[in-house]
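[1] Provided below for reference: sequence and predicted model.
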Amino acid sequence: MILDRILEHKKAELRHKQSRAYLADLKAIIRDAPPSLGFAVALDATRTDASPALIAEVKKASPSLGLLREEFAEKFDHLSIARTYYEHGASAVSVLTDKDFFKGDLQYLADIRKALPIPALDKEFMVGEIQFYEARAHGADAVLLIVAALERRQLMDFFALAGELGMDALFETHHERELDTVLEWLPTARLIGINNRDLKTFTTDLNVTFRLAKRIPADKVIVSESGIRSRADVQKLADAGIHAMLVGEALIKSDDIGKKVEELRGTTA
C-alpha cells in the first residue's frame, strides 16, 4: 500500500535529522516567529450556509498521477497559486511538503506564510517529533495527523506537542474505527478530517463524509477531504452540515484556478 511505503521512507528520512544542533536551530527560529494564525477558528468563522470554508491545496504532484500539470516540470509557482487562492476567497491553504512522493518542500510553506495573511496547514506525513518543530519553524499554523499512520499514544503525544508549539491538529480519518479512536482518546481535538479517498484503491466517494459526519459531535469542525470536484459536490457537503473542505487536484488542474475557487464556493458572478 502506498501509505506504508511513504511511512517507511519517512522514518528513514527522519533518522538523518536527529541532531541536537538542528533541533536547537529550529527552536531558535520558533522563539522569534510571530504567533500562528488560528486555523480551526478561521475555518469556523468563514463557512456559510451555502458553502463550507475552503482549504485550498498547493500541490505539485501525487504518487498516482505524477506532476499535476505539464508546466510544473519547468516551473512550479507555489506562491502565485497560493495568492490566487487567497484573492479568490479561500479560508486557508494546505501545502504539500513531502519531497519524494509529492515533490513538495517546506520552503513552499515558509514562502507562502511570509507573503500572505492566510492560515496554512503543513500537509506532511508526521511520524516524528522533529517534524513538528520543522513545521512551526516554517510558519505552519496546523499539522495533519493521519490516524491510519500512527499508534494511539503517538496521536496523543503529537496532539499535545502541536498545541505546545501553537499549532492546531487536523486528525484525518477514513472509517468508523479511526474516528472512534479520536473521539474516545482525544476528546479535546477540534478538527476532524474525513478522507473520502480509499488508501488501498485510491478511489474517492463523498458518501464516506456523509456516513462518518453523523457520528461527530456538534462542537467539532468537520473537514471533508478528497474527491470534491464540482459545485454540486459542495452543495451536498453544505446540506450535510460540513464545516470545511480540502480541495487540491480539482483546483490545480483547472484552466482558471481563481474561477474554480469561486465556482466551488458559489461566489461566481
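    Sure, I can see it.

[2] correct me, but R215 touches H175?
    No. With contact defined as C-beta atoms under 8 Å, R215 does not reach H175; the gap is 10.7 Å. For glycine as for every other residue, the C-beta is placed from the backbone atoms N, C-alpha and C.

[3] just the strands in the protein please.
    Along the chain, counting by DSSP state E, strands occupy 53-58, 61-62, 66-67, 92-96, 120-123, 142-146, 168-173, 191-195, 221-225, 244-247.

[4] quick one: closest of the ones you listed to H78.
    Nearest to H78 among the strands of the chain is strand 53-58; the distance by C-beta to C-beta comes to 5.2 Å.

[5] so which elements touch the closest one?
    Packed against strand 53-58 by the contact rule (3 or more C-beta pairs under 8 Å, 6 or more residues apart in numbering; DSSP states H and E) you find helix 39-46, helix 78-87, strand 92-96, strand 244-247, helix 249-252, helix 257-265.

[6] now with 6 Å, please.
    When contacts are defined as 3 or more C-beta pairs under 6 Å, 6 or more residues apart in numbering; DSSP states H and E, strand 53-58 sits against helix 78-87, strand 92-96, strand 244-247.

[7] pull up the pairing partners for that strand, direction included.
    Partner strands and pairing direction for strand 53-58 (DSSP bridges) are strand 92-96 (parallel), strand 244-247 (parallel).

[8] let's have those strands in JSON lines, adding mean pLDDT.
    Shown next, in JSON lines, are the strands paired with strand 53-58 (pLDDT from 0 to 100):
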{"stretch": "strand 92-96", "mean pLDDT": "98"}
{"stretch": "strand 244-247", "mean pLDDT": "98"}
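
[9] out of those, the one nearest L14 is which?
    Relative to L14, the nearest member of the strands paired with strand 53-58 by C-beta to C-beta is strand 92-96, separated by 17.4 Å.

[10] please state the offset of that closest one from the chain centre?
    Its chain's C-alpha centre and that of strand 92-96 lie 6 Å apart, by C-alpha atoms, centre = their mean, to the nearest Å.

[11] what does that strand contact?
    42, 55-59, 82, 85, 102, 104, 108-109, 118-121, 123, 246 (C-beta atoms under 6 Å, 6 or more residues apart in numbering).

[12] about what we covered before: just send the strands of the chain back as JSON lines, with mean neighbour count and distance to L179 too.
    Shown next, in JSON lines, are these (neighbours: other C-beta atoms under 10 Å; distance: least, C-beta to C-beta, whole Å):
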{"stretch": "strand 53-58", "mean neighbour count": "27", "distance to L179": "19"}
{"stretch": "strand 61-62", "mean neighbour count": "19", "distance to L179": "24"}
{"stretch": "strand 66-67", "mean neighbour count": "12", "distance to L179": "31"}
{"stretch": "strand 92-96", "mean neighbour count": "27", "distance to L179": "20"}
{"stretch": "strand 120-123", "mean neighbour count": "28", "distance to L179": "19"}
{"stretch": "strand 142-146", "mean neighbour count": "24", "distance to L179": "13"}
{"stretch": "strand 168-173", "mean neighbour count": "26", "distance to L179": "4"}
{"stretch": "strand 191-195", "mean neighbour count": "25", "distance to L179": "7"}
{"stretch": "strand 221-225", "mean neighbour count": "26", "distance to L179": "10"}
{"stretch": "strand 244-247", "mean neighbour count": "27", "distance to L179": "16"}
